[in-house]
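Chemist: Pasting a predicted model and its sequence here:
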Amino acid sequence: MRFEAPRSVEEAVTALAGQTGAHVLAGGTDLLVKLRAEMIEPDLIVDIKRIAGMREIAAEEGGWRIGAAVSGAEMGEHAGLVADWPGVVEAAGLIGSTQVQGRATLAGNLCNASPAADSVPAMVAAGAVARIVGPEGTRDLAVIDVPKGPGKTALERGEFIASIFLPARGARSGDAYLRFIPRTEMDIAVVGCGISLSLDEAGRVTAARVALGAVGPKVILVEAAAEAIKRRVLDEAALSDLAEACSKAATPIDDKRGTVAFRRHVAGVLARRAAVIAEARAKGETA
Amino acid sequence: MSRIHVTTKINGDETEFLCEAEATLLDVLRDELGLTGTKEGCGTGDCGACSVTVDGRLVCSCLMLGAEAEGREITTIEGMATGETLHPLQKKFIEMAALQCGICTPGILVAAKSLLERNPDPSEEEVRYWLAGNLCRCTGYDKIIRAVLDTAADMRRAS
């Protein structure tokens, strides 16, 4: 195995495209585990952290561009990002321990393509867009279209994610992410739910995106759930409709972490609770 | 394959080493540099026994390649005491017997020091969450948490 730490996107793309069995290294919290378990046996590892911009959080058109090597801890310490997208930051912050937070990245969580990835439903709810660089140039792809199934992504050979863009959000907007785990920390989501919503002055929902994780082979954007709460205040009836839409949209499997029936139920419960948190944030009642 | 030449700073000292591309920072610390205070527990980032800081950031050295250390500043448990003078956390762990077999202890000390540098007055809950990635199979954690809180209180009084 060889190791390269290129200084530019072009060099990285050339290295990745020129070698079969090449893997990108950002935070390494998934890659090194797979390496040790011999799940992968790369010929080349390309560390992208020395490329300009990869470790930066930059304001762009009212939103935030998060470099592919920015860690969860760095996101949590960025006041502007936390103020604008608290749900995305809290989702990323749920991944692993303090030590893992020191390295783990949004882009890595996305590319690892686990159905239970915590940051992915939050990013999908936020309408996040991945900027992908590769031999054919640069392209933007909605985060929801990046995972194709467990462990599979839409990235072509030689491509990697350079950054994640969280768009500008309007006034009276808020987001939240909740997951269910049997412990309080250091566990994999049995169900995860990210919600982003905007309210009008009367508190009615004007726009919403609701995404579920760990209840299907990839993240699910539940349009019926968003429709269920649009033009409504989030009263008990609206929240019940939201929960029902999420339970219906979930397509989970039975496994050691949860049954189909339990996961369907919990998808609704989490959606309801996350909506209440997002609403409070949108109203400016809580951070 | 030729080995990779890395120049880095470890516990304040300029250090050079050669490593294979596959070698983790943990492998390098223990097997190349003889810094065996950093322990290998799981090797998969779950137990925290291999905790070090890189540019001031707490990480698992088993989840980082040695080659990534180029130009970085690394601090290990060996950098915690000043000569023969133990760090207040180290003294307190001995005084309160916040360890039994000792395998997790270096990682816990490094992690706890990192917490107190950021937050000199953590709540018990904050200490427990911060150290959630440091597993201890002996103590049941209680003595560890108390020792960290007690040290924090001592250090606040001293400052």
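Modeler: Structure's in. What do you need?

Chemist: All the strands of the stretch 151-287 of chain A, in order from the start?
Modeler: A:152-153, A:160-166, A:173-180, A:191-199, A:205-213, A:220-221 (DSSP state E, counting those that start in this stretch).

Chemist: Let me see the residues that make contact with the third one.
Modeler: Translated: strand A:173-180. When contacts are defined by C-beta atoms under 8 Å, 6 or more residues apart in numbering or on different chains, strand A:173-180 is touched by residues A:85-88, A:90-91, A:94, A:118, A:121-122, A:125-126, A:169, A:189-199, A:213-214, A:258, A:266, A:269-270, A:273-275, A:277-283. For every residue, glycine as well, the C-beta is placed using N, CA and C.

Chemist: what sits against B:Glu124?
Modeler: Applying C-beta under 8 Å, 6+ apart, the residues near B:Glu124 are B:145, B:149.

Chemist: Give me the phi and psi for it.
Modeler: B:Glu124 adopts backbone torsions of phi -60, psi -40, taken as degrees, to the nearest 10.

Chemist: do the one 4 residues further on as well
Modeler: Phi and psi for B:Arg128, reported as degrees, to the nearest 10, are phi -60, psi -40.

Chemist: And for it, the neighbour number?
Modeler: 16 (other C-beta atoms under 10 Å in any protein chain shown).

Chemist: What pLDDT does the model give B:Met1?
Modeler: Note for B:Met1: predicted pLDDT of 60.

Chemist: Select only the buried ones of the contacts of strand A:173-180 in ChimeraX?
Modeler: The ChimeraX command for the buried members of those (criterion: 16 or more other C-beta atoms under 10 Å in any protein chain shown) is given here:
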select /A:85,86,87,88,90,91,94,118,121,122,125,126,169,189,190,191,192,193,194,195,196,197,198,199,213,214,258,266,269,270,273,274,275,277,278,279,281,282
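
Chemist: hmm, back to that, if you compare the strands of the stretch 151-287 of chain A, which one is most tucked away?
Modeler: strand A:191-199 (a mean of 29; mean count of other C-beta atoms under 10 Å in any protein chain shown).

Chemist: Contact partners for residue 64?
Modeler: No chain in the question, so chain A it is. By C-beta under 8 Å, 6+ apart, the residues touching A:Trp64 are A:57-58, A:80-81, A:84-85, A:165-166.

Chemist: let's do chain B instead
Modeler: A:28, A:32, A:103, B:24-26, B:54.

Chemist: I'd like the strands of the stretch 151-287 of chain A laid out as TSV, including mean pLDDT.
Modeler: Shown next, in TSV, are those (pLDDT from 0 to 100):
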stretch	mean pLDDT
strand A:152-153	97
strand A:160-166	98
strand A:173-180	98
strand A:191-199	98
strand A:205-213	98
strand A:220-221	98
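
Chemist: among these, which is nearest B:Cys42?
Modeler: strand A:173-180 (22.8 Å; C-beta to C-beta).

Chemist: so how far is the closest one from its chain's centroid?
Modeler: Relative to the centre of its chain, strand A:173-180 is centred 11 Å away, using C-alpha atoms, centre = their mean, to the nearest Å.

Chemist: Just the angle for that strand relative to strand A:160-166, thanks.
Modeler: Here the directions of strand A:173-180 and strand A:160-166 differ by 120 degrees (axes from the mean of the first three to the mean of the last three C-alpha atoms, to 10 degrees).

Chemist: Strand A:173-180: partners in the sheet, and parallel or antiparallel?
Modeler: Strand A:173-180 has its sheet partners listed here by DSSP bridges as strand A:191-199 (antiparallel).

Chemist: Report the distance from the strand it pairs with to the chain centre.
Modeler: Centroid separation for strand A:191-199 versus its chain: 12 Å, with C-alpha atoms, centre = their mean.
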